[in-house]
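**Student:** predicted coordinates and the sequence they were generated for:
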Amino acid sequence: MTVAATRICLVRHGETAWNAERRIQGQLDVPLNANGVAQARAVANTLRHESFDAIYSSDLARARHTADAVAHVLHLPVTPLADLRERNFGVYQNLTRAEWRARHPDNFARFERRDVDHAVPGGESLRRFADRVLACVGGLAERHPGGQILLVAHRGVLDAAYRRATGRPLDTPRDFDLPNAALNWIEVEGQRWTVLAWADRGHLSAAGQEELQR
């Protein structure tokens, strides 16, 4: 049986103070900063003429607040989902990358080389995290066959989805952008995932925003 394709707009949350500091947020609940709030409004203004069947968001505040801005102009509810949360980085949450490298060099090296089965103390392995995210996104696509949905989440979530849609292994270096508040479009048709457009930041430039660069 042919499964109708689902179009998904993936948006990473707006900027936070910790993004600017390169501090590991993971599943800690960090709010948007002023720039992030403006970015969320720019996303909402750009998507106001799109037709979505549903809006789903990570239940962490930075993603939820970004999704709420869009929901306000589209007059749709937001469904928060814990499975769309960022990867749990355990004991390394609240550290900057420089602090993590200095205090735990061996563990940081495994993170940097994308060791997929290395579970950070108190957190998730990259493989377990990706399995969680992809099962969630795939399930939402199945729930809306032939429709269009908006997902607001985190950098790691978008990383996993892009790799699934392009066939890139989890353990290869990242060679694509994942900016705050950019628009990213994929299509899911059964087991076939396709990237339609990625890292569109035109709305942010037009709004006079400076998105965080990796």
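**Tutor:** Received, thanks.

**Student:** all contacts plus neighbour counts: C-alpha atoms, from now on.
**Tutor:** Noted.

**Student:** packing partners of the helix or strand containing Leu150?
**Tutor:** Leu150 belongs to strand 148-153 when assigned by DSSP states H and E. Applying 3 or more CA pairs under 8 Å, 6 or more residues apart in numbering; DSSP states H and E, one finds that strand 148-153 contacts strand 6-12, strand 54-58, helix 61-74.

**Student:** can you give me the helices for this protein?
**Tutor:** Taking DSSP state H as the test, the helices found in the chain are 17-21, 34-47, 61-74, 97-103, 105-112, 126-143, 155-166, 202-206.

**Student:** mean neighbour count and mean pLDDT for those helices - can I get that in a markdown table?
**Tutor:** Output for those, formatted as a markdown table (neighbours: other CA atoms under 10 Å; pLDDT from 0 to 100):
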| stretch | mean neighbour count | mean pLDDT |
| --- | --- | --- |
| helix 17-21 | 15 | 95 |
| helix 34-47 | 22 | 97 |
| helix 61-74 | 22 | 98 |
| helix 97-103 | 15 | 95 |
| helix 105-112 | 15 | 94 |
| helix 126-143 | 18 | 98 |
| helix 155-166 | 20 | 98 |
| helix 202-206 | 15 | 84 |
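
**Student:** dump those helices into a markdown table; add distance to Val195 as well.
**Tutor:** A markdown table is the format used below for these (distance: least, CA to CA, whole Å):
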| stretch | distance to Val195 |
| --- | --- |
| helix 17-21 | 25 |
| helix 34-47 | 18 |
| helix 61-74 | 21 |
| helix 97-103 | 30 |
| helix 105-112 | 25 |
| helix 126-143 | 14 |
| helix 155-166 | 6 |
| helix 202-206 | 18 |
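
**Student:** tell me the confidence at Met1?
**Tutor:** Met1 is assigned a predicted lDDT (pLDDT) of 61.

**Student:** of the helices and strands packed on strand 148-153, which is nearest Gly139?
**Tutor:** strand 6-12 (11.0 Å; CA to CA).

**Student:** now the closest one against helix 34-47, angle please.
**Tutor:** On the basis of axes from the mean of the first three to the mean of the last three CA atoms, to 10 degrees, strand 6-12 is oriented at 160 degrees to helix 34-47.

**Student:** chain center to strand 6-12: distance?
**Tutor:** Centroid separation for strand 6-12 versus its chain: 10 Å, with CA atoms, centre = their mean, to the nearest Å.

**Student:** give the buried residues for that strand.
**Tutor:** Under the neighbour-count criterion of 16 or more other CA atoms under 10 Å, strand 6-12 has Thr6, Arg7, Ile8, Cys9, Leu10, Val11, Arg12 buried.

**Student:** what residue lies at the spatial centre of the protein?
**Tutor:** Nearest to the mean C-alpha position of the chain, by CA atoms, centre = their mean, lies His154 at 2.7 Å.

**Student:** separation between the nearest residue to that residue once chain neighbours are set aside and Trp185?
**Tutor:** Counting by CA to CA, 6 or more residues apart in numbering, His154 lies nearest to Arg12, which is 4.8 Å off, once chain neighbours are set aside. To Trp185, Arg12 is 12 Å away according to CA to CA, to the nearest Å.

**Student:** mind listing what's buried in whichever strand in the chain runs longest?
**Tutor:** In the chain, with assignment by DSSP state E, the single longest strand is strand 192-200. Buried residues in strand 192-200, counted by 16+ other CA under 10 Å: Trp193, Thr194, Val195, Trp198, Ala199, Asp200.
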